[in-house]
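# The following comprises the amino acid sequence and a computationally predicted model.
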Amino acid sequence: MSTERIHIIADSTSDIPPELLPNLPITVVPTFVNFAGNSFPDDNVQLDRQGFYQQLPALRPFPTTAAASPGMIEDAIKAVADRCDHIIFLAQSTKLGSCYTQMRLAASSLPPDRYTLVDSQQIAMGFGWQAIIGAETALETGSVEATLDAMARVRKAVRVYCALNTLEYLQRGGRVGWAQAGIGTLLQIKPILLVEDGEVKSHAKVRTFSRALEEIVRVAHEYAPLDRLAIIYTTDAEAANALRDRLQDILPAGGRTIVTRITPSIGVHAGPGALGIVPLSAAWKN
Amino acid sequence: MITRQIFRANQNIAADGYLVKQLFGAGLVWLEQNKETVNRLNVFPVPDGDTGTNMFLTMRHAYLEIAHMEETNVGKLARAMSNGALRGARGNSGVILSQLFAGTAAALDGHDRMTAPLFAEATRAAVEYAYRAVEKPVEGTILTVSRMMMESVQNNYSHNPDLIMLLKRMIVAGRVALRHTPEMLPVLKKAGVVDSGGAGLLYIFEGMLRALCGKPMEAVAIEEAPVPVQHEETWEDALVPEDGLGYGYDVQFLMRGDGMNIEHVRRDIQAMGWSTLVVGDNQLIKVHVHVHTPGDPLSYAIQSGASLDDIVVENMQRQYEDYVHSRADRDGEGAVAVESRGPAVIAVAAGAGMKRVFLEQLGAASVISGGQTMNPSTGDFLNTIAMLPNEEIILLPNNKNVLLAARLAAESATGRSVRVVPTVSVPQGIAAMFEHQLHTGSGEAAILDVVADAMNDAASAIRTLEVTNATRDVEIDGLSVRAGQYIGLLDDKLAAAGDDVEAVVRDLLVRAGAEKAERVTIYYGSDASLRQAKALVESLIGQFGAAEFEVVEGGQPLYPYILSVE
């Protein structure tokens, strides 16, 4: 009953919109958010995004996150191994989380020629676009090589820019690499974070959120013409839609523009009010 | 005051031992005055911050040797100094300094007085000895500086055999060489300093020249040459020891004995560590070496049958840690920093807090003190411009009384492109700086006019509110104010007055449209406290929509509060 040659297993920090999954050969393994003495998978079933973000400002102690266990990933492998020839494991940046390691452990049960392990060097839709375009390429070509090549090109071209409304969550999360966004400065700032080369960097520091959005709009135009664009947010859907409207002149057509809520396992670090873009320039194909 | 008994155009007039001694003493005093500056420059070969101290101790040891001698024969004096320096030599730079003296002594041997040709010969021999003392001479150090100084003497002594002239030429050549040391020695560039040993040597000669010219000996030091930092790597990272064991120990001692073989000692000591210096003769050898196990060279020397003296063992890893600590503290004091990309900014500000904001957070290259009470001059701007290596410079006057001086400076600065962004308040200057960061922080090259225009736009978009006390009774725009009352200025125009500072601030915020703003920043001055400023925010918060309030120490005089609304 082998209907697909290639299957992708990605972790949930890829933020792939759930409505796309039924049509793509992708399995998403959850990331866990630990709070109130429990550990919740961010699968939008046990942990409702809307509800979680409403609680977030009041949660004490502060939530922490953890990658899926190798056992869970093995379950995901078992569920698809019989109906595909090759599994591509795609993990969040190894500099930002441990999912890659868990995937490597779980995958060791497979013969080496039946899987490929890939560090997405990204998070959120910077990771998501790699999985989506990889899956599309897999369906079109059936070629592992072509799929990996497309994913590598996307990985090289894609960036995440995200304006934070508050530094508090970044600071409290204490993740290495996240903390260089200008904490401890004399004047308060609204940072715009940039994810590239697997790291979270500071793209710019401005004084007001509206100035941050101006900068994001400017940056988005630098990537035009766009093949894909994701608008990502933690709490303010209205602001996300308004940002999409401001980018009307460069929006890629149809389903190639996505407005999506950041998964709680990343959102705990970005905090309420975070808003960003994940542009993929059309030049990635060249 | 030194007798001007020095060699001049007439070569029959020569310097005697008495003069040489006085000059030497003056060099010592001037080095002592400036040794802390030299210490702070010290990053190579080990950033242990002691070059100035080591050179001073070495020099003092040499001077003590001759201080009470009645001798006027320069050859004999030089020999005594050389012996003293060799015995007192501390650290790498101290040992090299002692070799400069040793070479000088060798050249002056048998001479009663010093003439210009002999002076030239002494400098030549000094540099030759210094280079020979080091196992692998490294350029960009005291060696380079001494060599360039020596070459200036060689080029000038025959047609201009005047000691003052020669010293001046030497110092100019030495300064040029010192300024170029960061290009020759990458660790200096990364650390943003010039070579410390070279700087120490220059102080010694400057001291001599000052004495000859009758200048006072307690003036301030020459400026540290600012070095453009073009690396992502910070100076802290640059100085982390490459060796996983750390910087190890600095071991120094004197070996005394008969018929010692310096070549053998040098070879054996070199095998034990690094930064080795072994100098002397068959009766007295000075050893300097960096090792991880300080016992090795000491045991070796004892086993060789020599008697040991002046043993110094220093933990360089700890000195390095102390250096990093003190350097980090000093960096907070507003030393000249240089932007790596795009135009550098010189801002005018009063108050320690305001200066810190510009220098530490916003990356201004330099801050000139001043503002309402102390208007910097065109000359102040020009001097600061001259100190920066940047081709393109932006001036932020931050006060309307400073605007003109800044404009004149921009017009008269030669060889640089200078633009004035006409900010008339510190908050405007800060808003402009955020825009500057935005343009220079990304990878692309920032174009001066584009950056300056964007800074100008950002400055105009912000509202400045200032609260001060009226100095006299006045009536302006229907507001009557009594002397001593609080007055509030909105964008430099009188807009509110009263006895209650909180009411004045509230009035200003309403007029500035703060209820629609995103951020209100309160910089409290030297006449207000953090507690007062926080209480002020408590009383205002919630009355102005969603605006975020923020309190920052400004430290500015005269204005208890300066606010920005954006």
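That came through fine.
# Poorly predicted segments of the stretch 1-150 of chain A, please.
Within the stretch 1-150 of chain A, the segments meeting pLDDT under 70 span A:1-4.
# What residue in it comes nearest to chain B?
A:Pro57 (15.4 Å; CB to the nearest CB). The way it works is simple: take the backbone N, C-alpha and C, and place the C-beta from them, glycine included.
# repeat for chain A
For chain A, the residue closest to chain B is A:Thr208, as judged by CB to the nearest CB, at 4.1 Å.
# what sits against that residue?
Applying CB atoms under 8 Å, 6 or more residues apart in numbering or on different chains, we find A:Thr208 in contact with A:190, B:518-519, B:566.
# who wins for most neighbours among these?
Neighbour counts for the contacts of A:Thr208 peak at A:Lys190, which has 25 neighbours (criterion: other CB atoms under 10 Å in any protein chain shown).
# mind showing which ranges of the stretch 251-400 of chain B have poor pLDDT?
For the stretch 251-400 of chain B, the stretches with pLDDT under 70 are B:319, B:321-341, B:373.
# Flag every residue of it that's near chain A.
Selection of the stretch 251-400 of chain B residues close to chain A by CB under 8 Å from any CB of the partner chain yields B:353, B:356-357, B:360-361.
# doesn't B:Asn54 make contact with B:Ser93?
Yes: B:Ser93 is within contact range of B:Asn54, at 5.8 Å (criterion: CB atoms under 8 Å).
# for the stretch 151-286 of chain A, what spans make up the helices?
Applying DSSP state H, counting those that start in this stretch to the stretch 151-286 of chain A gives helices spanning A:168-173, A:209-223, A:237-246, A:264-270.
# Just want the angle from the second one to helix A:237-246.
With axes from the mean of the first three to the mean of the last three CA atoms, to 10 degrees as the basis, helix A:209-223 and helix A:237-246 are set at 40 degrees to each other.
# Output helix A:209-223 as CSV, nothing but the C-alphas.
Taking C-alpha atoms only, helix A:209-223 is exported to CSV below (Å, rounded to 0.1, in the frame of the first residue of the first chain):
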residue,chain,number,x,y,z
PHE,A,209,6.4,49.0,18.5
SER,A,210,5.0,51.1,15.6
ARG,A,211,8.5,52.0,14.5
ALA,A,212,9.3,48.2,14.7
LEU,A,213,6.5,47.5,12.4
GLU,A,214,7.6,50.2,9.9
GLU,A,215,11.0,48.5,9.9
ILE,A,216,9.4,45.1,9.3
VAL,A,217,7.4,46.4,6.4
ARG,A,218,10.6,47.9,4.9
VAL,A,219,12.5,44.6,5.4
ALA,A,220,9.7,42.6,3.7
HIS,A,221,10.1,44.8,0.6
GLU,A,222,13.7,43.9,0.4
TYR,A,223,12.8,40.3,-0.2
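# Return the distance of it from the chain's centre.
20 Å (CA atoms, centre = their mean, to the nearest Å).
# ditto for the shortest one
The gap between the average C-alpha position of helix A:168-173 and the chain average comes to 19 Å, counting by CA atoms, centre = their mean.
# Run through the residues of the stretch 401-550 of chain B sitting next to chain A.
Selection of the stretch 401-550 of chain B residues close to chain A by CB under 8 Å from any CB yields B:430-431, B:434, B:437-438, B:441-442, B:518-519, B:521, B:548, B:550.
# Now render the residues you listed as a markdown table, adding secondary structure and pLDDT.
Output for these, formatted as a markdown table (DSSP: H, G, I helix; E, B strand; the rest coil; pLDDT from 0 to 100):
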| residue | secondary structure | pLDDT |
| --- | --- | --- |
| B:Ile430 | helix | 96 |
| B:Ala431 | helix | 96 |
| B:Phe434 | helix | 93 |
| B:Gln437 | helix | 87 |
| B:Leu438 | helix | 87 |
| B:Gly441 | helix | 71 |
| B:Ser442 | coil | 64 |
| B:Glu518 | coil | 93 |
| B:Arg519 | strand | 94 |
| B:Thr521 | strand | 95 |
| B:Glu548 | strand | 92 |
| B:Glu550 | strand | 93 |
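# Scan these and report the most crowded one.
B:Ile430 (31 neighbours).
# circling back: quick check: nearest residue in space to the residue of chain A closest to chain B, chain neighbours excluded?
B:Glu518 (4.1 Å; CB to CB, 6 or more residues apart in numbering or on different chains).
# Same question for A:Arg256.
Nearest non-adjacent residue to A:Arg256 (CB to CB, 6+ apart): A:Arg228, at 4.9 Å.
# Tell me the spacing between that neighbour and A:Asp197.
Relative to A:Asp197, A:Arg228 is positioned 20 Å away (CB to CB, to the nearest Å).
# ok, these two, which is more surrounded?
Taking other CB under 10 Å, A:Arg228 and A:Asp197 do not tie; A:Arg228 has more neighbours (22 against 13).
# partners of that one in the sheet?
Following DSSP bridges, A:Arg228 is listed with bridge partners A:Leu280.
# returning to what we had before: so which of the helices of the stretch 151-286 of chain A is the most packed in?
Of these, the one with the most neighbours on average (mean count of other CB atoms under 10 Å in any protein chain shown) is helix A:264-270, at a mean of 27.
# Need the contact partners of stretch B:129-141.
Contacts for stretch B:129-141 (CB under 8 Å, 6+ apart): B:44-45, B:95-96, B:99-100, B:102-103, B:106, B:142-143, B:146-147, B:180-185, B:188, B:195, B:197-198, B:270, B:276-277, B:279.
# what do you get for stretch B:352-362?
With contact meaning CB under 8 Å, 6+ apart, stretch B:352-362 is reached by A:185-187, B:332, B:334, B:337, B:345, B:347, B:349, B:364, B:366-367, B:369, B:426, B:429-430, B:433-434, B:436-437, B:523, B:552-556.
# one more time with 6 Å
Identification of contacts with stretch B:352-362 by CB atoms under 6 Å, 6 or more residues apart in numbering or on different chains yields A:185-187, B:334, B:347, B:349, B:364, B:367, B:426, B:433, B:553-556.
# nearest to A:Ser143, of the residues of the stretch 401-550 of chain B next to chain A?
Nearest to A:Ser143, judged by CB to CB, of those is B:Ser442 at 37.3 Å.
# one step back: including secondary structure and neighbour count, could the residues of the stretch 251-400 of chain B next to chain A go into TSV?
What follows is those, written out as TSV (DSSP: H, G, I helix; E, B strand; the rest coil; neighbours: other CB atoms under 10 Å in any protein chain shown):
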residue	secondary structure	neighbour count
B:Gly353	helix	18
B:Arg356	helix	21
B:Val357	helix	26
B:Glu360	helix	15
B:Gln361	helix	20
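# Per the annotation, how does the chain divide into domains?
All of this refers to chain A. A:6-31+A:67-157, A:160-285 (automatic domain parsing).
# if you could check chain B rather than the one you did, that'd help
According to automatic domain parsing, the domains of chain B span B:17-225, B:249-321, B:332-460, B:463-565.
# A:Val80 is nearest to which of those domains?
It's domain B:332-460; of those, that one is closest to A:Val80 (CB to CB) at 41.2 Å.
# Now name the helix or strand holding A:Asn44.
Using DSSP states H and E, A:Asn44 sits in no helix or strand.
# I misspoke; the intended subject was B:Asp296.
Going by DSSP H and E, B:Asp296 is in helix B:295-303.
# Ok, B:Ala120 next?
If you go by DSSP H and E, B:Ala120 is part of helix B:116-133.
# as a whole number, average confidence for that helix?
Per-residue pLDDT over helix B:116-133 has a mean of 91.
# pLDDT of the next helix or strand after that helix, averaged?
Note on helix B:116-133: by DSSP H and E, the next helix or strand toward the C-terminus is helix B:142-156. Average pLDDT, helix B:142-156: 93.
# can you state the direction angle for helix B:142-156 and helix B:116-133?
160 degrees.
# Mind giving me the packing neighbours of helix B:142-156?
Where contact means 3 or more CB pairs under 6 Å, 6 or more residues apart in numbering or on different chains; DSSP states H and E, helix B:142-156 is packed against helix B:116-133, helix B:163-184, helix B:196-212.
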